[in-house]
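>>> Structure of the sequence below:
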Amino acid sequence: MQITAFFRLLFRVWSIGAVFIGLLVPLSVQGQQTQRNRQTLEKEKKQNLEKMNQIRTILKQTASEKQVGLGQLKALNQQIQAQTQQINLINKDLRLTDTEIAELRQASQALKRDLEKLKSEYGAMIYAADKRRQQVNPISFLFASESFNQLVARYKYLRQYSDARQSQVRQMNNIQSMLQNKQQVTERKRKEQRGALAAKVREGEKLSTLKEEQNKVVKELGQKEVELRAELAESRRAVNRLEAMITRIIARERAEREARERAERERLARLEAARKAAERKRAEEAAAAGEKPAKTDADVAAAEREEAAERKSNAARPDERRNNNLNSEETALASSFTSSRARLPWPVSRGFISDHFGRKPHPVLKGIYVENQGVDIQTNAGETVRTVYDGIVQDVTSMPGMNNVVAIQHGDYFTVYAKLRSVSVRTGQRVKAREPIGTVATDKNGVSELQFQIWKEFTKLNPESWLIPR
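Numbering: from 1, shown residues only. Predicted coordinates:
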């Protein structure tokens, strides 16, 4: 009977401990998704803040010019987009903080309930133990054992009971600490929420100021319609000249590959014709002598050399099954370039896309559309331009409206870097990814802008889908 009573006490202690363990698991799982959301949000906020700082720095350079230009307007547009994104992220932050506070409040309430339950259970356990102690003295309980083994067993029961009581006290203290921690975190989150609300107000004021500045620039540019139309016409001529140059390079490379393949086929055909002629000659000589033609050691060696040369030639020559008659090296380079989609480094370390790929309305002139065959990247004055992938420089030239231009081949892909102030590579040079090729030029309005294009043969591609997202 006494042992059964002690078992009941131990079971009560263990059941109370299970309440504590069961409490920790759902609280841990509940916060995991929220924590992941918080990490993602903080990363987005950091990236957008870096983008805003870059745009602000570059805009100061263009705004320092006395006359406004499209470059300044493009930078303002991008800054407004980044500022709007910042407000959206703050709103997202506020919603996430609401969720975090709600989860903390729920966890605190659960902790309070379980702490009260633990205290109640612990009180009942102490009461039962005290009542049992009045009926049975622990010393008497031990010495009333009928055998040594029973004495050891009863000693273990008493020891486990004492350990369990101490563990129960630690559990209650742990829950009390957890509850205090939750309350402190909740208060900190409320302060962060108040700070986010104040930041939202400040960012909204900045956005309003930017829009006012944008309207002012648009109004000033609208008064220069004749000048803008002249700039647009010159820009279109420059774009056409650049497109013609790239098309010419690609056509030249394709013609060279086709000529290379044709010459290789002709060489192999001549070798085959010479071999057959030699065989016919030996057969005729053998027939005239009335002998069966036999291959000499020299003939066998010559045939083996021809076969080895043909195998080597076949490995190096263009294969018609390969895309656009590329040889093995060019095919491997094109394949690796293709696999680098969305992972290419930016051609400049700092900057933002000021004009996107494709056809779009002119930012000022009504009813006029402009088309960008690549992307314009505004950056700091004198910024170093680097190639985005391994390749061979196919052309280095200078043209009105585009300054210096570098075209680099990557198999059947081509990357184009225009509006360079200086160039540090030459035609035919092999370059590695991230290798400097020149510096960005700055126009009369103080805009330092790189025109970057990607072509696959004669098809223009959107560079934004190839570059690492910023």
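>>> From here on, just use CA atoms for contacts and neighbour counts.
Noted.
>>> what about the stretch 301-450 of the chain, any weak spots by pLDDT?
Across the stretch 301-450 of the chain, the stretches falling below the confidence threshold (pLDDT under 70) are 301-325.
>>> could you pull out the strands for it?
Shown for the stretch 301-450 of the chain, the strands assigned by DSSP state E, counting those that start in this stretch span residues 352-355, 358-361, 369-372, 375-378, 384-386, 391-399, 403-410, 413-423, 430-431, 436-440, 449-456.
>>> Can you add distance to E253 and mean neighbour count and give the ones you listed back as TSV?
Output for the strands of the stretch 301-450 of the chain, formatted as TSV (distance: least, CA to CA, whole Å; neighbours: other CA atoms under 10 Å):
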stretch	distance to E253	mean neighbour count
strand 352-355	30	22
strand 358-361	26	12
strand 369-372	24	14
strand 375-378	24	24
strand 384-386	23	21
strand 391-399	9	19
strand 403-410	9	24
strand 413-423	11	22
strand 430-431	16	17
strand 436-440	21	22
strand 449-456	12	23
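>>> As CSV, these with distance to Q214 would be great.
Listed next are the strands of the stretch 301-450 of the chain as CSV, based on distance: least, CA to CA, whole Å:
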stretch, distance to Q214
strand 352-355, 15
strand 358-361, 17
strand 369-372, 20
strand 375-378, 17
strand 384-386, 29
strand 391-399, 32
strand 403-410, 28
strand 413-423, 26
strand 430-431, 41
strand 436-440, 26
strand 449-456, 20
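>>> Quick one: closest of these to E103.
Counting by CA to CA, E103 lies closest to strand 352-355 out of those; the figure is 38.7 Å.
>>> outside of stretch 389-409, which residues touch it?
Stretch 389-409 is contacted from outside by 234-235, 238, 241-242, 246, 249, 337, 344, 410-411, 414-423, 425-434, 441, using CA atoms under 8 Å, 6 or more residues apart in numbering.
>>> If we use 6 Å, what do you get?
Identification of contacts with stretch 389-409 by CA atoms under 6 Å, 6 or more residues apart in numbering yields 238, 410, 414-420, 427-433.
>>> Could you do stretch 235-253 as well?
G401.
>>> Pull out the buried residues from it.
235-236, 238-239, 241-242, 245-247, 249-250, 253 (16 or more other CA atoms under 10 Å).
>>> same deal with stretch 202-214?
Neighbour counts using 16+ other CA under 10 Å place 203-204, 207, 210-211, 214 of stretch 202-214 among the buried residues.
>>> Tell me how far that stretch lies from the chain's centre.
30 Å (CA atoms, centre = their mean, to the nearest Å).
>>> Domains in this structure, by residue range?
Domain ranges of the chain: 2-222, 352-465, per automatic domain parsing.
>>> and of these, who's closest to R257?
Here domain 352-465 is closest among those (CA to CA), at 10.9 Å.
>>> mind checking the end-to-end distance for that closest one?
14 Å (CA to CA, to the nearest Å).
>>> Any buried residues in stretch 457-470, and which?
Going by neighbour count (16+ other CA under 10 Å), the buried part of stretch 457-470 is 457, 460-464, 466-467.
>>> Actually, stretch 100-116.
Buried-residue list, stretch 100-116, by 16+ other CA under 10 Å: 100-101, 103-104, 107-108, 111, 114-115.
>>> Noted, bye for now.
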